[in-house]
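Asker: coords please:
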Amino acid sequence: MHGWSHRPAVTRAGFAACALSAVTVLAGAGGALAAGPVWKLVPSANATLSGGKLQSVSCSSAAACTAVGTDLNTSGINVTLAERWNGTSWQRQPTPNPAEDTAPAVDPELLGVSCPAADFCEAVGTYQLGGVGLGLAETWNGRHWKLQPFPFSGSPVQVSCTSSQFCEAVGYSDRFGGTLPFAATWNGSSWQVQHPPNPAGSTSDQLNAVSCTSPVFCEAWGVPGLAEQWNGKSWRLQAVPSGATADSVSCVSATFCEAAGLGAAFAWNGSQWSEQTTPTAGSSPLSLDGVSCTSATFCEAVGSYFGNAGDVVTAAVWDGSAWQLQSPPNPGGVFNALHAVSCTSASSCEAVGAFQLTMTFNDPKALAEQWNGHSWQAQQAIAPPGAAYNKLAAVSCISASFCEAAGTHVNSSGNDAGLAEQWNGTSWNLQAVPSPPSTFGNPRTETLVGVSCVSASFCMAVGSGTAGAYTEMWNGTSWKLQSVPVPSLQFTAVSCTAVSFCMAAGTNGGVAIWHGSSWSAGPDVPGFSPLTGLSCVSASYCEVVGSGPSGQDAAAWNGSSWSAQSTSGPANAGLSAVSCSAANACEAVGTLFGQTDATFAEAWNGSAWTTQSTPNPQASQGSLLNSVSCTSAGACTAVGQYQSSNLGFLRTLAEVWNGQTWSLRSTPNHLNAGQNLLNGVSCGAVGVCTAVGQTQDAGEVEATLIEAGD
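Answerer: Next up, the predicted model:
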């Protein structure tokens, strides 16, 4: 009877903006915090996903390549990413990030890199400061990366260096509601801004690519139909074929360059640009994002095309007279692209990009491939661990040194999957959870919503997946799937009193009973839809709460049948959870729905339910209680959330019953998070309670939240 499970947090369109009204007769508005033990945050585990996105690559030799991009780290914020190819494997390199970045959820990012030598690279990108995009520059000296001053409002997206004494970076700058071409040059000691010309009358131009063969010759391409040449003193506009646009450019001399883009390639012969015919993949044009040439008779271009199941990686080779289609390995999934390529010879190229397995979650993973002169081969790029959606729905504690928590996270396929964590008295640790069967043709999704433990070697967790209801049993070593006789039942709660007895409740008043070796369908609770809370003290006594017949939102189990009970709350009261310490001692909590939602509680004394007065935080714009746990008739703890102000953040809420009154407790919150809420609570002993839920990390990704108190 430990760790009473609950339904998921009450979902409503939003809290009303008005103050507490007539419902405060029961709810006690403006509750003050009671003196008591201080609640504290407990470090919790989060499942992570491998990720990263590589945007650019540059090789000084076949055994020295550097790729740069961005990564969503385990705190949910974007950080710069650099990887180094040593001829055998890719290794991640530590990179600095601008401390003043004000949009870590989307920036900073490295977009371009150029390495003319093994001990020198320049990387450029962008970050934000107060809503203004700023340029980012970093340099590699053969040992480490270092930030460089780049005090311009322009945003560089690509760079080309001929030595450590000369680089050109190009991109765009925001001007008067549009964009203008931007360029800057590195002279060995500092960056200096340049002012490339803008086509007359155009307000949305930018340079996307640049390639230099010497300090007095560079070619830059951009959109729309923009090409410019650097002669050592200034940038000059060039004529290009009508409708021409390119995303990459590579020059081997002042008389030969190749530019490539969507369904097109263009060659420079020293005096003009001319369009070339590029292959297609079936009827799909190639989107060529990167190109690299080692001579006038060898270039590699990489990118993607739209296939039957999504974007597919592609490549094309130039042999001096025509472009020929190639078929590099495709990682699978729906979004796959090679963004850049760098060749040191006709038999050695490195290409980088990203791939995404599903459309249901923005989860790019770093991609690298190698050309050996005959074929493209997949490589193992570094895909660092990054943040993913995590939520804890329920917890069950049998002592101060053992708890199990259950919930949901996003897995490597981009789908919801069950999440389990165990407390060992010192720390929370992730556990492996087997996945239930999935129906054919549907994405695999599953979530755990309830857990109940009777010992460190027996717990039962319940959830729902695409194939219906499922349960998992903890045997002290691992979680094992258990078959359920009513897969159509959507579980909401579970309560176990012994290894030989558990009851699980679900939607439409359905229940299932565990007999020690298997589950069987139990008798439905008449008139209930759904059941939201369940608590058992023995195989012959359980209480359920939910949405029942008018005036009867609770029912009791006597070991063979259910009996509806009259509840004392008004019609706008909703019960979300119940906890019984004995057959004549139960507490049920929930919400009074109104102009401003308020907390609500009822007590069962063995013969009747009576309403109790519960407090609400000062100036609350709405409060809900999602879960409750009792160790006796005079010791209960309930948790949930409240809204701090109209349209304000959600904050954690905890209330404690001492046998006479409910009192508010001060609970911690991640103050910069858009939401903090507690979905489940379990008290392993009097005054030793653990509450679980969810918050948002620094990058606004949902993360687990665990708090401890009384």
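Asker: you'd agree residue 62 is up against residue 348?
Answerer: Yes - using CB atoms under 8 Å, residue 62 is in contact with residue 348, at 4.2 Å. For the C-beta atoms, the positions are set from N, CA and C on the backbone; glycine is no exception.
Asker: Quick one: mean pLDDT over stretch 478-485.
Answerer: Per-residue pLDDT values across stretch 478-485 average out to 92.
Asker: So which bits of it are buried?
Answerer: 479, 482, 484 (16 or more other CB atoms under 10 Å).
Asker: Over to stretch 300-315?
Answerer: So, applying 16+ other CB under 10 Å, buried residues of stretch 300-315: 300-305, 307, 310-315.
Asker: Check the offset of that stretch from the chain's centre.
Answerer: 26 Å (CA atoms, centre = their mean, to the nearest Å).
Asker: what do you get for stretch 545-556?
Answerer: For stretch 545-556, the distance to the chain centre is 38 Å (CA atoms, centre = their mean).
Asker: And stretch 502-515, by the same measure?
Answerer: 32 Å.
Asker: gap between the two ends of it?
Answerer: Chord length of stretch 502-515, first to last residue, is 7 Å (CA to CA, to the nearest Å).
Asker: and for it, what are the contacting residues?
Answerer: Defining contact as CB atoms under 8 Å, 6 or more residues apart in numbering, one finds that stretch 502-515 is touched by 450, 452, 460, 462, 469, 471, 482, 484-486, 489-496, 500-501, 519-531, 533-534, 536, 542, 544, 546, 557.
Asker: Span of stretch 655-672 from start to end?
Answerer: 23 Å.
Asker: List the buried residues in it.
Answerer: In stretch 655-672, counting by 16+ other CB under 10 Å, buried: 655, 656, 657, 662, 663, 664, 665, 667, 668, 669, 670.
Asker: and those, which two are the farthest apart?
Answerer: 657 and 670 (26.9 Å; CB to CB).
Asker: so what's residue 203 up against?
Answerer: By CB under 8 Å, 6+ apart, the neighbours of residue 203 are 176, 177, 178, 179.
Asker: Show me which of these are buried.
Answerer: By 16+ other CB under 10 Å, these give residue 179 as buried.
Asker: quick one: which of the contacts of residue 203 is nearest to residue 605?
Answerer: Checking the contacts of residue 203 one by one against residue 605 (CB to CB), the nearest turns out to be residue 177, at 69.3 Å.
Asker: how far away is the residue lying closest to the closest one once chain neighbours are set aside from residue 672?
Answerer: Residue nearest to residue 177 in three dimensions, not counting chain neighbours: residue 203, with 7.2 Å by CB to CB, 6 or more residues apart in numbering. Applying CB to CB, to the nearest Å, the value for residue 203 to residue 672 is 37 Å.
Asker: Please apply the same query to residue 145.
Answerer: Distance from residue 145 to residue 672, by CB to CB: 28 Å.
Asker: swap in residue 82?
Answerer: Taking CB to CB as the measure, residue 82 and residue 672 are separated by 28 Å.
Asker: Equivalent analysis for residue 486, please.
Answerer: 43 Å.
Asker: Show me what the host helix or strand of residue 448 is packed against.
Answerer: Using DSSP states H and E, residue 448 sits within strand 446-455. In terms of contacts (3 or more CB pairs under 8 Å, 6 or more residues apart in numbering; DSSP states H and E), strand 446-455 is packed against strand 390-399, strand 402-410, strand 416-423, strand 458-465, strand 468-474, strand 491-498.
Asker: Include mean neighbour count, distance to residue 380 and mean pLDDT when you put those into CSV, please.
Answerer: Below are the helices and strands packed on strand 446-455 laid out as CSV (neighbours: other CB atoms under 10 Å; distance: least, CB to CB, whole Å; pLDDT from 0 to 100):
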stretch, mean neighbour count, distance to residue 380, mean pLDDT
strand 390-399, 27, 26, 97
strand 402-410, 27, 23, 96
strand 416-423, 24, 24, 95
strand 458-465, 27, 31, 94
strand 468-474, 21, 32, 93
strand 491-498, 27, 40, 97
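Asker: Make CSV from those and add distance to residue 131 to it.
Answerer: Below are the helices and strands packed on strand 446-455 laid out as CSV (distance: least, CB to CB, whole Å):
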stretch, distance to residue 131
strand 390-399, 29
strand 402-410, 29
strand 416-423, 34
strand 458-465, 42
strand 468-474, 46
strand 491-498, 43
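Asker: Please name whichever of those strands is nearest to residue 694.
Answerer: Nearest to residue 694, of the helices and strands packed on strand 446-455 and by CB to CB, is strand 390-399 at 4.3 Å.
Asker: which residues touch the residue lying closest to residue 511 once chain neighbours are set aside?
Answerer: Counting by CB to CB, 6+ apart, residue 511 lies nearest to residue 522, which is 4.0 Å off, once chain neighbours are set aside. Shown in contact with residue 522 (CB under 8 Å, 6+ apart): 503, 510, 511, 512, 513.
Asker: same thing with residue 475?
Answerer: Residues near residue 475 by CB under 8 Å, 6+ apart: 457, 458.
Asker: pLDDT score for it?
Answerer: At residue 475, pLDDT is 97.
Asker: That one and residue 536: what is the separation?
Answerer: In terms of CB to CB, residue 475 sits 21 Å off from residue 536.
Asker: Kindly report the same for residue 604.
Answerer: 14 Å.
Asker: and for those two, which residues touch both?
Answerer: 543, 580.
Asker: So for stretch 513-532, mean pLDDT?
Answerer: Mean predicted lDDT for stretch 513-532 stands at 94.
Asker: Check the chain for me, the residue farthest from its geometric middle.
Answerer: Distance from the C-alpha centroid of the chain, by CA atoms, centre = their mean, peaks at residue 271 (49.9 Å).
Asker: Just say helix, strand or coil for that residue.
Answerer: coil (DSSP: H, G, I helix; E, B strand; the rest coil).
Asker: can you pull the pLDDT of it?
Answerer: We have a pLDDT of 97 for residue 271.
Asker: try residue 488
Answerer: For residue 488, the model assigns a pLDDT of 79.
Asker: excluding its backbone neighbours, what's nearest it?
Answerer: Using CB to CB, 6+ apart, the closest residue to residue 488 is residue 468 (5.4 Å).
Asker: Hmm, that neighbour is touching residue 491, no?
Answerer: No - counting by CB under 8 Å, residue 468 does not reach residue 491; the two are 9.5 Å apart.
Asker: Pull up the gap between residue 158 and residue 542, please.
Answerer: In terms of CB to CB, residue 158 sits 66 Å off from residue 542.
Asker: quick one: the helices in this protein?
Answerer: Residue ranges of the helices in the chain, as given by DSSP state H, are 24-27.
Asker: Domain parsing of it, as residue ranges.
Answerer: 24-47+388-709, 49-386 (automatic domain parsing).
Asker: Can you tell me how far the residue positioned nearest the centre of the chain is from residue 552?
Answerer: Taking CA atoms, centre = their mean, the centroid of the chain lies closest to residue 388, which sits 3.2 Å from it. Distance, residue 388 to residue 552, by CB to CB: 42 Å.
Asker: Right, I'll leave it there.
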